[in-house]
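Q: Just need the structure, nothing else, for what follows:
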Amino acid sequence: MQRPILEAIHITSRRSATQLHSKRRLFTSNAQPSLSSRLNDVILGLTALAGASFFAYYAFDSRAGVHRHVIVPLLHAFTEPEDAHKIAIDILKWGLSPRDTKPDSEQLAVQLWGRKLSNPIGIAAGFDKHGEAVDGLFNLGFSYVEVGTVTPEPQPGNAKPRYFRLPVDKATINRYGFNSDGHRVVAQRLRDRIRIRTHLFHKSSHTKKLMPLSPNPLGPLNLSRSLHCGKLLGVNLGKNKDGDEIGDYVLGVQNLGPYADVLIVNVSSPNTPGLRQLQRKDTLENLLAAVVGERDKLPGPRVPVCVKIAPDLDTEEIQGIACAVEKSGIDGVIVSNSTIQRPSTLTPGIHLSIFSAANLDPHINEQGGLSGPPLKPLALQTLRTLRRHVPDSVVIIGCGGICTGKDAIEYARAGADFVQVYTSFGYDGPGLPRRLKDEILEELDGKRWAEIVGRA
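A: A predicted model of the protein is given here:
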């Protein structure tokens, strides 16, 4: 009885083994793929590689329209203004931003304080407040990057929200209030940047002590503190909310002067109580004299000093500033900071978005400094008045509402040796420097930038 059963099991096992062997042969065939199949795989791989390479080349070109027409609108739609600002800084800091690879035309060259810059476009203070994204900004095509405002001690600034968009007017209102990492942290970043980029100094990760550089750390390389040929690095100095109105700026010269090509005395932010009082003639003269005196003690090349003024000044106040500038012997003036005025040209109560046609927008009534196109007439008027009252040797940098090449040319004809952008960068994105340079070249019509400065 058991024998037939065992034989049946044996026969079944042999059949199962035979079937399994057949299946294995089916799925492990030694047949080679055809030539056409392999060719298709190669073509598919090359196509994917070419597509990825093209996208990378396109995305990392600052002229690519995707930045202005896709990425920036998405950031504006889904993030708060200050969050978008932080994201932009992080992208630039980590080298993930596009680059301007097109060489600047010789027609755009500018001479500032004995140095030749490749173009007349800079980024104003307020964007890279803490010196985190210097090289990323230079790589976008700016010939001048201004870090800050930096205060002696760290301070958080005003409460959030403190940065608002007015998209119909392409404007913003901010009341940041000099939020700053402080001298120690910013100086450490700028010093480490020099050490890493030049390999002249050993970076010490175990010390936090603020040690000065040697008299001229970049002397052997004959480079500016920007570490880029044809470019300058500015550091914008401010005072703490409860700081000393002269001492804080003197400390700024001591702690940050060794890492700057230009130092800027900011006495015009509307968001620090009492700061604009420092623009009064006698007070400003004393402040600038103290800053210049401290600057003269710095080792190495002479660092130009500028003062940044407000657009909300009358003629008498501008004349007083001109007098203080001349007596103190500073090297330049930036015109201007944001305005506390709300010009009638602002579009009241309207906010357009990609989700709705029109919404009431209370941001126009927010307290703080207004910047963007509505600021331009005020800044230009202040610049023209100042230019009439200071010597030609004093460099004037124009800032306020510059969105196009025509705007930049208008500032140049009014007497600006150089211009800065801020708000338009937030609306246009990384392609702004190259677009402005191309538009300026069209407006110059064969002339050089230097030939039109002051030629109203």
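Q: Please, where are all the helices along the stretch 1-150 of the chain?
A: Taking DSSP state H, counting those that start in this stretch, the helices of the stretch 1-150 of the chain run over residues 2-27, 35-59, 65-66, 72-78, 81-93, 134-139.
Q: Go through the fifth one and flag the buried ones.
A: Residues of helix 81-93 classed as buried by neighbour count (16 or more other Cβ atoms under 10 Å): 81-82, 84-85, 88-89, 91-93. C-beta: built from backbone N, CA, C; applies to glycine.
Q: quick one: contacts for N236?
A: Listed by Cβ atoms under 8 Å, 6 or more residues apart in numbering, the contact set of N236 reads 125, 146-150, 264, 266, 308.
Q: related to what we said a few turns ago, now pLDDT and distance to I194 too, for the buried residues of helix 81-93, in TSV please.
A: Shown next, in TSV, are the buried residues of helix 81-93 (pLDDT from 0 to 100; distance: Cβ to Cβ, whole Å):
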residue	pLDDT	distance to I194
P81	94	32
E82	95	29
A84	93	30
H85	94	26
A88	94	24
I89	96	20
I91	93	23
L92	95	18
K93	94	17
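Q: which one of those residues sits closest to R195?
A: Using Cβ to Cβ, K93 is the member of the buried residues of helix 81-93 that sits closest to R195, with 17.3 Å.
Q: for the stretch 51-200 of the chain, which spans come out with low pLDDT?
A: Applying pLDDT under 70 to the stretch 51-200 of the chain flags the ranges 51-65, 67, 199-200.
Q: Just to check, K170 is in contact with F425?
A: No. Between K170 and F425 there is no contact under Cβ atoms under 8 Å: 11.2 Å.
Q: who touches I340 in this structure?
A: 270, 312, 369-370.
Q: Return the distance of it relative to L386.
A: The gap separating I340 from L386 is 19 Å, by Cβ to Cβ, to the nearest Å.
Q: I'd like to know how many residues surround R388.
A: 12 (other Cβ atoms under 10 Å).
Q: from the chain's centre, how far out does the helix or strand hosting it sit?
A: Using DSSP states H and E, R388 sits in helix 376-389. Computed by Cα atoms, centre = their mean, to the nearest Å, the chain-centroid distance of helix 376-389 equals 25 Å.
Q: As CSV, could you dump the C-alpha coordinates of that helix?
A: Taking Å, rounded to 0.1, in the frame of the first residue of the first chain, the C-alpha atoms of helix 376-389 are listed here in CSV:
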residue,chain,number,x,y,z
LYS,A,376,12.7,107.2,-7.5
PRO,A,377,11.5,110.8,-7.9
LEU,A,378,12.4,111.6,-4.3
ALA,A,379,15.9,110.1,-4.5
LEU,A,380,16.6,111.7,-7.8
GLN,A,381,15.7,115.1,-6.5
THR,A,382,17.9,114.7,-3.5
LEU,A,383,20.8,113.5,-5.7
ARG,A,384,20.5,116.5,-8.0
THR,A,385,20.5,118.9,-5.1
LEU,A,386,23.4,117.3,-3.4
ARG,A,387,25.5,117.1,-6.6
ARG,A,388,25.3,120.9,-6.9
HIS,A,389,26.8,121.3,-3.4
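Q: Show the contacting residues for the closest residue to G136 other than its chain neighbours.
A: Nearest residue to G136, sequence neighbours excluded (Cβ to Cβ, 6 or more residues apart in numbering): L92, at 3.0 Å. When contacts are counted by Cβ under 8 Å, 6+ apart, L92 touches 128, 132-133, 136-137, 140.
Q: which outside residues touch the helix holding R388?
A: Against helix 376-389 from outside (Cβ under 8 Å, 6+ apart): 309-313, 315, 318-319, 321-323, 333, 335-336, 339, 341, 343, 396, 398-402, 407, 410-411, 414-416, 454, 456.
Q: hey, where'd the helices end up in the stretch 351-456 of the chain?
A: In the stretch 351-456 of the chain, the segments counted as helices under DSSP H, counting those that start in this stretch are 376-389, 405-414, 423-428, 432-444, 449-452.
Q: The spatially closest residue to A125 that is not a sequence neighbour: which element?
A: Nearest residue to A125, sequence neighbours excluded (Cβ to Cβ, 6+ apart): N236, at 3.7 Å. Assigned by DSSP H and E, N236 belongs to strand 232-237.
Q: List the strands paired with that strand, with their directions.
A: strand 144-150 (parallel), strand 262-266 (parallel) (DSSP bridges).
Q: Report the backbone C-alpha coordinates of the last one in CSV.
A: Yep, that's strand 262-266 we're talking about. Written as CSV, here are the backbone C-alpha positions of strand 262-266 (Å, rounded to 0.1, in the frame of the first residue of the first chain):
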residue,chain,number,x,y,z
VAL,A,262,34.4,100.6,1.2
LEU,A,263,32.9,101.6,4.6
ILE,A,264,29.4,103.1,4.7
VAL,A,265,28.0,105.1,7.6
ASN,A,266,24.3,104.6,7.7
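Q: Just checking, which helix or strand succeeds it along the chain?
A: Beyond strand 262-266 on the C-terminal side, the first helix or strand identified by DSSP H and E is helix 281-295.
Q: So what's the gap between whichever helix or strand comes after that following helix and the chain middle?
A: Sequence order places strand 305-309 as the next helix or strand after helix 281-295, per DSSP H and E. Its chain's C-alpha centre and that of strand 305-309 lie 19 Å apart, by Cα atoms, centre = their mean.
Q: how far off helix 281-295 does strand 305-309 point, in degrees?
A: 150 degrees (axes from the mean of the first three to the mean of the last three Cα atoms, to 10 degrees).
Q: So that it lines up with my notes, have the first residue be 39 from now on.
A: Taking 39 as the first residue, the last one we looked at is strand 343-347.
Q: Perfect, I'm done here.
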